[in-house]
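Novice: Got a sequence here, can you build the structure:
(one chain, ligands or ions: 1)
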Amino acid sequence: MEKHRSSPAAAPATRSPGRRTYLMCRPAYYAVEYAINPWMDTTAPVDATLACAQWEALADAYTALGHEVITIEPEPGLPDMVYSANGAFVVDGIAYGASFRYPERRPEADAHEKWYRTSGWTFAEPEFINEGEGDFTYLPGRELILAGWGFRTDARAHAEAADVFGRPVVSLRLIDPRYYHLDTALAPLDDERIAYYPEAFAPGSRLLLERLFPDAVIADAEDAAGFGLNFVSDGRNVVLNAEATGFAEKLRDAGYETVPVDLSELKKGGGSVKCCTAELRR
Ligand SMILES: NC(=[NH2+])NCCC[C@H](N)C(=O)O
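Specialist: Sure, this is the predicted structure:
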């Protein structure tokens, strides 16, 4: 195990676990008013007060780890805006804007665009449908962008992202509707290493992941269903859905610290830790 971990001594200053900056959106108007993924059930009750308390605990977990949490103002009528990861994908100080698949979420893109533009980020307007960090992630140690398609993001947005960032983009096809965004099935553990749930990917994409990441932490069906893959790692500490206890153990065996957070109410919208967190990379 030890040989796979990035050695802090050999790491350049920008490497993990440095201080991260996360953009979050308070679930002030959170509800399950429509169903655009298999987790959403409009007939099941949602405890809005509890959702806010759970969200606060997530923000507190980040600050306790020394990270910076910035918030974007929630907007009435946008119940999914709490999933701030979907608003853009940010690398090298450039925010590549989102363009949502479903009309219910489209106005969120404008809210995020306004926020990024007024907060000093270079904003790249998208031509193709893409759901921001929901379907994109970045591994600084490999200088690779990983991108998902199959349910939400248009594969043409992967080429668009390569053009925006000047970085290689690895396209991965998602095949299980429960894992409709890349960040529900795969996440970076540190600058080089990832964890993922192989069954969420098409055979060619699985092969690709095996070739690129032979040292990955592999999740099983239970880990994925507990939203274990929807985690945020700073390279050492992995903040993850409390339900994913078995997966947390795998991560600890692989040498990471785990910080469980209960996000049961936000799971009803089909999201957890990562969905509620956009990483702003300067
Ligand atoms: N980054 C994420 N996976 N976000 C979850 C988004 C959940 C939202 N209800 C949707 O289906 O669009």
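
Novice: From now on I want contacts and neighbour counts done on CA atoms only, so please keep to that.
Specialist: Fine.

Novice: what sits against P260?
Specialist: P260 makes contacts with 239-242, as judged by C-alpha atoms under 8 Å, 6 or more residues apart in numbering.

Novice: Show me which of the residues you listed are buried.
Specialist: 239-242 (16 or more other C-alpha atoms under 10 Å).

Novice: I'd like the contacts of P260 written out as JSON lines, with distance to the ligand added.
Specialist: Shown next, in JSON lines, are the contacts of P260 (distance: C-alpha to the nearest ligand atom, whole Å):
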{"residue": "V239", "distance to the ligand": "15"}
{"residue": "L240", "distance to the ligand": "14"}
{"residue": "N241", "distance to the ligand": "13"}
{"residue": "A242", "distance to the ligand": "17"}
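
Novice: Among these, give me the pair with the biggest separation.
Specialist: V239 and A242 (9.0 Å; C-alpha to C-alpha).

Novice: Now do the shared contacts for those two.
Specialist: Taking C-alpha under 8 Å, 6+ apart as the criterion, V239 and A242 both touch 260-261.

Novice: Give me the pLDDT for whichever residue of the stretch 101-250 of the chain sits closest to the ligand.
Specialist: The stretch 101-250 of the chain approaches the ligand most closely through G134 (3.6 Å), counting by C-alpha to the nearest ligand atom. The model reports G134 with a pLDDT of 98.

Novice: and what of D253?
Specialist: Looking at D253, its pLDDT stands at 98.

Novice: Can you report how many residues neighbour it?
Specialist: 12 (other C-alpha atoms under 10 Å).

Novice: Kindly report the same for the one 4 residues further on.
Specialist: By other C-alpha under 10 Å, 17 other residues sit near E257.

Novice: Might one say that it is in contact with E249?
Specialist: No: in terms of C-alpha atoms under 8 Å, E257 does not count as a neighbour of E249; the distance is 9.6 Å.

Novice: that older thread, for the buried ones among the contacts of P260, give me JSON lines that also has secondary structure and pLDDT.
Specialist: Shown next, in JSON lines, are these (DSSP: H, G, I helix; E, B strand; the rest coil; pLDDT from 0 to 100):
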{"residue": "V239", "secondary structure": "strand", "pLDDT": "98"}
{"residue": "L240", "secondary structure": "strand", "pLDDT": "98"}
{"residue": "N241", "secondary structure": "strand", "pLDDT": "98"}
{"residue": "A242", "secondary structure": "coil", "pLDDT": "98"}
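
Novice: Buried residues in the longest helix along the chain, which are they?
Specialist: When the chain is parsed with DSSP state H, its longest helix is helix 48-64. For helix 48-64, burial by neighbour count (16+ other C-alpha under 10 Å) applies to 48, 51-55, 58-59, 61-63.

Novice: Quick one: residues contacting S233.
Specialist: 188-190, 239.

Novice: Counting only strands, which of those residues make the cut?
Specialist: 188, 239 (DSSP state E).

Novice: Closest one to G77 out of the contacts of S233, please.
Specialist: Distances from G77 to the contacts of S233, taken by C-alpha to C-alpha, are shortest for V239, at 28.9 Å.

Novice: For that closest one, which non-adjacent residue is spatially closest?
Specialist: V259 (4.6 Å; C-alpha to C-alpha, 6 or more residues apart in numbering).

Novice: From N230, how far off is the one you found?
Specialist: 13 Å (C-alpha to C-alpha, to the nearest Å).

Novice: List, one by one, the residues from the stretch 51-200 of the chain near the ligand.
Specialist: Residues of the stretch 51-200 of the chain that fall close to the ligand, judged by C-alpha under 6 Å from any ligand atom: 80, 83, 85-86, 134, 181, 183-184.
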